[in-house]
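Visitor: Make a model of this:
(one chain, ligands or ions: 1)
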Amino acid sequence: MDKSEALEAGTQSTNVVKPCDGALDNPACFAQSAAVRLAALGAVSAWIGSFSRSGPHRLFVATEEERLLGFAGSQQYRSHPAFRKTIETSIYVDPEALGHGVGSALYENLFKEISGEGLHRAVVGIALPNEASVRLHRKVGFTDVGTFAEYAIKNGCYVSSVWMQRDLTPI
Ligand SMILES: CC(C)(COP(=O)(O)OP(=O)(O)OC[C@H]1O[C@@H](n2cnc3c(N)ncnc32)[C@H](O)[C@@H]1OP(=O)(O)O)[C@@H](O)C(=O)NCCC(=O)NCCS
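Guide: Take a look at the predicted model:
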């Protein structure tokens, strides 16, 4: 499925969540979309290359008509086999689509789609402050683990991140 076909499929209903096949085929198109504001195409290509069409490492987008509203993905947490049942999630919603349930729908879909993969834990690191993200993650079942204080540098300043985790074992 190319990007235009993927977008066409998204016109069937509002806030459709579907596999990001278009992005997997054409990272350049995805990079130019409103949903991804990463500067370098190389970085986007590498990022998209970390997802697959099946298995535990997936990328889904939400669309409304021909507009990309956001994405949610699950990636390898660490390459060592000891972490094979853990995934790290990421999520982004376009500023114009915030507060309408897109993030919740993306996560609900993601966790449904990877539920048969034998995973045990999902983890996420949230650069602070980000109240909306912390609340979203709590809403979809993540619990607080703790905060890494000043462990990264963003725009020349140290930033802290709260880490959260979610149980992925079948109920
Ligand atoms: C975090 C983010 C994905 C939420 O997406 P969203 O589509 O607005 O979220 P939803 O509308 O599904 O809201 C889900 C919950 O998040 C919380 N939330 C959303 N926006 C919020 C805000 N502005 N302030 C506080 N809580 C907020 C609420 O608990 C909400 O549940 P409720 O509606 O039942 O109260 C979005 O704000 C975003 O993309 N931010 C920028 C990128 C980012 O921070 N990504 C996460 C990095 S770890």
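
Visitor: neighbours of Ile91, just the number please.
Guide: Each residue near Ile91 was counted by other CB atoms under 10 Å, and the total is 21. Backbone N, C-alpha and C define where each C-beta goes, glycine included.

Visitor: With His100 instead?
Guide: Here the count is done by other CB under 10 Å, and His100 has 14 residues near it.

Visitor: when you give positions from now on, start the count at 555
Guide: In the new numbering, first residue 555, that becomes His654.

Visitor: Kindly list the longest helix within the protein.
Guide: Counting residues, the longest helix found in the chain (DSSP state H) is helix 656-667.

Visitor: if I look at whichever residue of the chain sits closest to the ligand, how far off is Arg638?
Guide: Here the chain gets closest to the ligand at one residue, Gly657, 2.7 Å apart by CB to the nearest ligand atom. Between Gly657 and Arg638 the distance is 27 Å, computed by CB to CB, to the nearest Å.

Visitor: next one: Ala626
Guide: Here the distance between Ala626 and Arg638 works out to 21 Å (CB to CB).

Visitor: Neighbour count: these two, which is higher?
Guide: Set Ala626 next to Arg638 and count neighbours by other CB under 10 Å: Ala626 wins out with 28 against 15.

Visitor: On the three-state scheme, that one is what?
Guide: strand (DSSP: H, G, I helix; E, B strand; the rest coil).

Visitor: Name all residues that make contact with it.
Guide: Residues in contact with Ala626, defined by CB atoms under 8 Å, 6 or more residues apart in numbering, are Leu613, Phe614, Thr643, Ser644, Ile645, Tyr646, Gly657, Leu660, Tyr661, Asn663, Leu664.

Visitor: May I see those arranged in a markdown table, with pLDDT as well?
Guide: Output for the contacts of Ala626, formatted as a markdown table (pLDDT from 0 to 100):
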| residue | pLDDT |
| --- | --- |
| Leu613 | 96 |
| Phe614 | 96 |
| Thr643 | 98 |
| Ser644 | 97 |
| Ile645 | 97 |
| Tyr646 | 96 |
| Gly657 | 97 |
| Leu660 | 97 |
| Tyr661 | 98 |
| Asn663 | 97 |
| Leu664 | 97 |
